[in-house]
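In: Below is the structure, and that's it, no one-letter string:
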């Protein structure tokens with residue numbers, strides 16, 4: 001029995017002659033030539049395993065059938081026969097050497113009729129047979145299968161493609177869009193290699209020229225990326241994970257992992273756009289369109305110079321002239337977004353070739369078309385993506401080249417920067433009725449992160465850039481300045497709401513001073529919600545929404561009346577009755593106990609014991625009793641037993657030694673390595689306290705350890721705001737007293753850092 005061994009390939013040497021699978025020498029290089037060489041080597045080896053018998057053929061499908069073998073790809077083989085005896089023994093003699101070699105094998109044994117019958121019932125099998133290729137054996141038998149499978153597909157493709165589109169939609173839901181993922185699956189995600197196979201099937205059916213040069217080039221680059229990923233990892237893997245990006249980029253001759261992500265994103269978008277075109281062409285053939293008396297599709301005007309023709313938007317004949325209107329491409333895009341109809345490919349190509357650049361500042365018609373496009377809701381994203389694929393966006397916004405496909409490495413972001421900006425505008429359209437100037441909301445949402453990718457704070461850096469764009473598109477100076485303000489302050493509300501004491505008049509006064517007027521406050525509130533929705537589910541929570549709404553209400557009162565809200569009165573249930581008092585209500589934990597040092601830390605530790613994350617904490621002393629109130633959420637999704645939690649809280653605040661020992665043991669066990677923590681002081685951020693802000697890696701029991709350290713150092717914590725950002729926290733502690741002495745502050749800072 002023939003045997004095979006896998007080579008020891010790490011992919012880090014850059015050796016083009018690296019052997020990944022030593023099957024009569026299967027090379028592990030990158031590129032079309034290496035893939036073809038692997039196919040030749042597999043063909044020769046597999047051919048040597050098949051005895052020369054009439055009526056039997058070994059047929060390859062999948063990557064080997066297409067001669068696109070990845071370094072650690074699997075083999076898809078069909079043993080085709082004409083009813084000859086002993087075929088099962090023959091199959092075993094073929095499959096076992098492959099398994100002994102350690103190769104992944106997808107295999108079947110079928111007659112031509114059986115193979116075609118399965119293809120009729122399963123559209124995925126029908127697509128697979130389009131890649132069928134003879135490896136060894138009876139050429140006439142294999143040719144019969146290939147010709148019949150292709151002929152059957154061409155006759156039935158239009159009917160089968162709706163089912164294939166439904167299956168493809170489920171796959172996209174499971175794997176996401178490759179263009180926007182930090183760790184996408186090069187094969188299964190939308191825009192990946194699997195979708196190129198569907199394009200090949202659409203082209204084989206003659207429905208449309210789905211494999212245009214741009215698609216072919218994108219396909220080759222995606223194949224090269226998968227080759228490099230296999231080389232880098234040393235095994236079969238299709239997901240481009242973060243720790244392998246730089247190595248894969250180096251193998252492909254790219255600068256870094258970000259350059260690789262941007263290239264993959266561009267290629268995935270090319271494939272996705274072509275597949276959308278292909279599915280639409282098939283749908284037009286399947287369902288037909290309304291036709292006039294002359295048999296031609298009806299042309300229906302939908303906007304000035306834009307008509308619907310056969311389910312797509314095309315230019316009116318009067319719009320095509322020697323001197324096209326510079327606004328035309330924007331008006332076509334706005335019409336496509338508003339009607340949710342696709343723009344015909346020929347129309348996009350004509351606009352890209354002949355539509356002149358817009359003057360600066362833009363005419364009012366162009367500006368109105370942009371606002372219509374941004375405010376079109378669900379139609380915005382597909383229309384924008386289409387215009388982007390044909391290079392129209394750079395003609396409107398030269399900054400777009402820098403923003404396109406820029407990765408956002410914070411895991412809360414689900415999109416690349418360019419798509420995030422467009423998605424934020426889409427989300428902002430939901431709040432257009434809540435603001436005085438919906439046009440400025442849409443434009444501010446679209447430009448809010450324009451400073452990302454440049455050195456410095458992106459809000460500060462982006463403000464003048466957004467202002468310049470607003471001026472270029474023709475906004476008056478005052479409105480352009482307001483766009484700059486929205487960009488500069490777009491993180492103000494969530495940062496303050498989650499990191500500052502909203503009951504402190506200084507907090508409200510500072511936000512009111514920064515915002516300036518209620519109209520700007522409303523724009524910022526809408527922008528915050530749109531930004532969070534476009535970022536991803538991890539960027540928002542009911543608790544965060546309530547805090548921001550509370551902050552907005554307090555700031556609006558200050559702007560309207562000039563009066564700062566009074567601090568809230570203590571909960572009457574906590575200031576009466578025997579001690580201790582423990583109240584557990586939803587996400588609120590309130591405790592009243594005899595005033596003593598370390599109470600805040602004790603309660604925080606007890607909450608950590610029960611796997612509760614603290615979102616905010618407030619402490620006060622009323623008539624000799626200490627009141628502490630927390631907002632919490634379960635760390636792992638399941639709420640703790642309220643009876644057990646209440647019992648531990650009562651025992652802990654009365655000094656039960658057993659609970660205190662459990663708290664200390666848990667705090668020590670939770671310590672872990674990470675980036676160096678940092679302390680930042682804010683001296684004038686509160687009415688009666690100095691603000692200590694801790695930036696550190698998140699860990700269970702962190703609040704307990706820090707509050708213990710503060711207490712032991714002699715600091716009294718009036719309030720705390722806990723903000724978790726992925727794997728990091730930004731925790732703000734309000735310390736009663738000024739702490740003016742540098743030496744004293746240094747001692748306190750050292751104690752906090754040691755606790756972390």
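Out: Good, I have the coordinates. In this text, all values refer to a predicted model and were calculated from it rather than measured experimentally. Residues are numbered from 1 along each chain as shown.
In: tell me which helix or strand of the protein sits lowest on mean pLDDT?
Out: The helix or strand of the chain with the lowest confidence, counting by mean pLDDT, DSSP states H and E, is strand 5-6 at a mean of 34.
In: tell me what the helix or strand harbouring residue 248 is packed against?
Out: In this structure, residue 248 sits in helix 242-251 according to DSSP states H and E. Other helices and strands packing on helix 242-251, by 3 or more C-beta pairs under 8 Å, 6 or more residues apart in numbering; DSSP states H and E, are helix 213-233, helix 257-287. Backbone N, C-alpha and C define where each C-beta goes, glycine included.
In: tilt between that helix and helix 257-287?
Out: Put simply, helix 242-251 runs at 90 degrees to helix 257-287, going by axes from the mean of the first three to the mean of the last three C-alpha atoms, to 10 degrees.
In: Tell me the predicted confidence for residue 669.
Out: Among the per-residue scores, residue 669 holds a pLDDT of 54.
In: Same question for the one 4 residues further on.
Out: At residue 673, the pLDDT value in this model is 51.
In: In this structure residue 272 contacts residue 184, no?
Out: No. With contact defined as C-beta atoms under 8 Å, residue 272 does not reach residue 184; the gap is 12.0 Å.
In: what residues are shared contacts of these two?
Out: In terms of C-beta atoms under 8 Å, 6 or more residues apart in numbering, residue 272 and residue 184 are both contacted by the residues residue 177.
In: what is the mean pLDDT for the helix or strand hosting residue 479?
Out: Here residue 479, judged by DSSP H and E, is contained in helix 477-488. Across helix 477-488, pLDDT averages out at 97.
In: Same question for stretch 275-293.
Out: 77.
In: Please name every helix or strand in contact with the helix or strand encompassing residue 144.
Out: Remark: residue 144 resides in helix 139-175, with elements defined by DSSP H and E. Applying 3+ C-beta pairs under 8 Å, 6+ apart, we find helix 139-175 packed against strand 56-61, strand 75-81, helix 112-121, helix 123-129, strand 133-137, helix 193-204, helix 257-287.
In: Apply 7 Å and report the result again.
Out: Helices and strands touching helix 139-175, by 3 or more C-beta pairs under 7 Å, 6 or more residues apart in numbering; DSSP states H and E, are strand 56-61, strand 75-81, helix 112-121, helix 123-129, helix 193-204, helix 257-287.
In: Can you redo these as CSV, where the extra columns are distance to residue 35 and mean neighbour count?
Out: Output for the helices and strands packed on helix 139-175, formatted as CSV (distance: least, C-beta to C-beta, whole Å; neighbours: other C-beta atoms under 10 Å):
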stretch, distance to residue 35, mean neighbour count
strand 56-61, 13, 24
strand 75-81, 14, 23
helix 112-121, 25, 16
helix 123-129, 18, 20
helix 193-204, 12, 22
helix 257-287, 17, 21
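In: Residue 603: which of those is closest?
Out: helix 257-287 (43.9 Å; C-beta to C-beta).
In: any idea of the angle that closest one forms with helix 193-204?
Out: Put simply, helix 257-287 runs at 40 degrees to helix 193-204, going by the same axes, to 10 degrees.
In: residue at max distance from the center of the protein?
Out: The C-alpha centroid of the chain is most remote from residue 85, which lies 54.7 Å away (C-alpha atoms, centre = their mean).
In: and residue 109, what element?
Out: Using DSSP H and E, the element containing residue 109 is strand 105-110.
In: Could you list the buried residues of that strand?
Out: Residues of strand 105-110 classed as buried under the neighbour-count rule (16 or more other C-beta atoms under 10 Å) are 108, 109, 110.
In: Tell me the one among the residues you listed nearest to residue 393.
Out: Scanning those for proximity to residue 393, where the rule is C-beta to C-beta, the winner is residue 108, at 47.2 Å.
In: List the residues that contact residue 254.
Out: Going by C-beta atoms under 7 Å, 6 or more residues apart in numbering, residue 254 touches 260, 263.
In: counting contacts, what elements does the helix or strand where residue 461 lies pack onto?
Out: Following DSSP H and E, one finds residue 461 within helix 458-472. Contact here means 3+ C-beta pairs under 7 Å, 6+ apart; on that basis helix 458-472 packs against helix 438-447, helix 477-488.
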